[in-house]
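K.L.:
okay, here's the prediction I keep looking at, along with the sequence it came from:
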Amino acid sequence: MVRVQKDMEAGRKNTIAVIPSYNEEKTIGGIVRGIVKMGLSALVIDDGSTDDTARVALESGATVKRHRTNHGKGKSVRQGVTYIMNRTGYEWIIIMDGDGQHHTRDIPALMDATLGGDVDIVIGNRMGSTEEMPPVRFWTNRFMSWVLSGLCGQTIPDTQCGYRLLRAGALKKLKLISRNYDIESEMLLQASEKGMKIRSVPIRTIYGEEVSTIKPVRDTLRFARLIFRHYLASNGLRKTKKEDGRGAARSKGNNGPEGA
């Protein structure tokens, strides 16, 4: 059966993949080629790599934007999203890692979850098969997903999964400022607060010889700081609107994910 794409659904012509990468010359080529083979476009944000990540990505068919120094995943995601929204007409944005843990063969599952046009974010769910997931990742993810699901008011089994598909129009309503991996949680908190629908789909995850960047104490503190910052800002904005009616005026100038 041939799928007929509707305007509100993700398809080959209206979707692009953003891939933040740091020293991923061994894996980025295969990822980009897999995306291009599917008829999709790819934008690689080379976050100050010291290897040939940028060259390999470019030769494999991606558009490449490069940082001279390393800024962090959050900054790379924000730059990629802002570039797409300001310079292109793509309606859906895939965000995935460049280290080979996210398989391009799962992209159709993410896109199919947009059928009907009633979803704003589709996020990968690795928690259905965790046999190969390192214990520290499993327990950190379980805890953060439990907390965030409660705060978001909707069940999100794998809130820390960086493999996701987002409506560009929804991203324009967010004011993302995180510079590191906490951008994934920040995105869900803000989207839920604005009433956006988040859907999860099972994906596979490939664990190789890469060194985990998860640090339980550091990441838990960063997670707590994110939640505090988010709700302090939200409550402050609500209070301002209630007291003087000037909230709308103060919220003008939101430039989307790039934030302040």
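P.N.:
Structure's in. What do you need?
K.L.:
okay, now the unreliable bits of the stretch 101-250 of the chain?
P.N.:
208-217, 219-220, 231-250 (pLDDT under 70).
K.L.:
mind doing that once more with 90?
P.N.:
The stretch 101-250 of the chain contains residues with pLDDT under 90 at 116-117, 127-144, 177-182, 204-250.
K.L.:
now do the helices in it.
P.N.:
Secondary structure of the stretch 101-250 of the chain (DSSP state H, counting those that start in this stretch): helices at 107-112, 135-152, 168-171, 183-193, 216-244, 247-250.
K.L.:
now do the first one: which elements does it pack against?
P.N.:
Counting contacts by 3 or more Cβ pairs under 8 Å, 6 or more residues apart in numbering; DSSP states H and E, the secondary-structure elements packed against helix 107-112 are strand 92-95, strand 121-125, strand 164-167, strand 198-202. Where you see a C-beta, it was placed from the backbone N, CA and C, and this is true even at glycine.
K.L.:
how confident was the prediction at Asn255?
P.N.:
Asn255 carries a pLDDT value of 54.
K.L.:
again with the one 3 residues further on
P.N.:
The predicted local distance difference test score for Glu258 is 50.
K.L.:
and Thr27, by the same measure?
P.N.:
Confidence score, pLDDT, at Thr27: 97.
K.L.:
quick one: neighbours of it, just the number.
P.N.:
The number of residues packed around Thr27, counting by other Cβ atoms under 10 Å, is 19.
K.L.:
can you report phi and psi for it?
P.N.:
phi -120, psi -20 (degrees, to the nearest 10).
K.L.:
so which of the helices and strands packed on helix 107-112 gets nearest Leu151?
P.N.:
Proximity to Leu151 (Cβ to Cβ) singles out strand 198-202 among the helices and strands packed on helix 107-112, at 12.5 Å.
K.L.:
elements contacting that closest one?
P.N.:
helix 107-112, strand 121-125, helix 183-193.
K.L.:
one more pass at 7 Å, please.
P.N.:
strand 121-125, helix 183-193 (3 or more Cβ pairs under 7 Å, 6 or more residues apart in numbering; DSSP states H and E).
K.L.:
tilt between the longest one and strand 198-202?
P.N.:
Read that as helix 183-193. 130 degrees (axes from the mean of the first three to the mean of the last three Cα atoms, to 10 degrees).
K.L.:
quick one: buried residues of helix 183-193?
P.N.:
183-192 (16 or more other Cβ atoms under 10 Å).
K.L.:
same question for stretch 69-86.
P.N.:
71-85.
K.L.:
what comes up buried for stretch 152-164?
P.N.:
152, 154, 156-164.
K.L.:
show me how far it is from its chain's centre.
P.N.:
Counting by Cα atoms, centre = their mean, to the nearest Å, stretch 152-164 is centred 10 Å from the centre of its parent chain.
K.L.:
same check on stretch 147-164?
P.N.:
12 Å.
K.L.:
ends of that stretch, what's the gap?
P.N.:
19 Å (Cα to Cα, to the nearest Å).
K.L.:
what sits up against that stretch?
P.N.:
With contact meaning Cβ atoms under 7 Å, 6 or more residues apart in numbering, stretch 147-164 is reached by 95-97, 102, 121-127, 141, 144-145, 184-185, 188-189, 192, 198, 200, 203, 227.
K.L.:
and if you look at stretch 127-134?
P.N.:
Under the contact criterion Cβ under 7 Å, 6+ apart, stretch 127-134 has outside partners 126, 138, 157-158, 202, 207, 212.
K.L.:
list the buried residues in it.
P.N.:
Met127.
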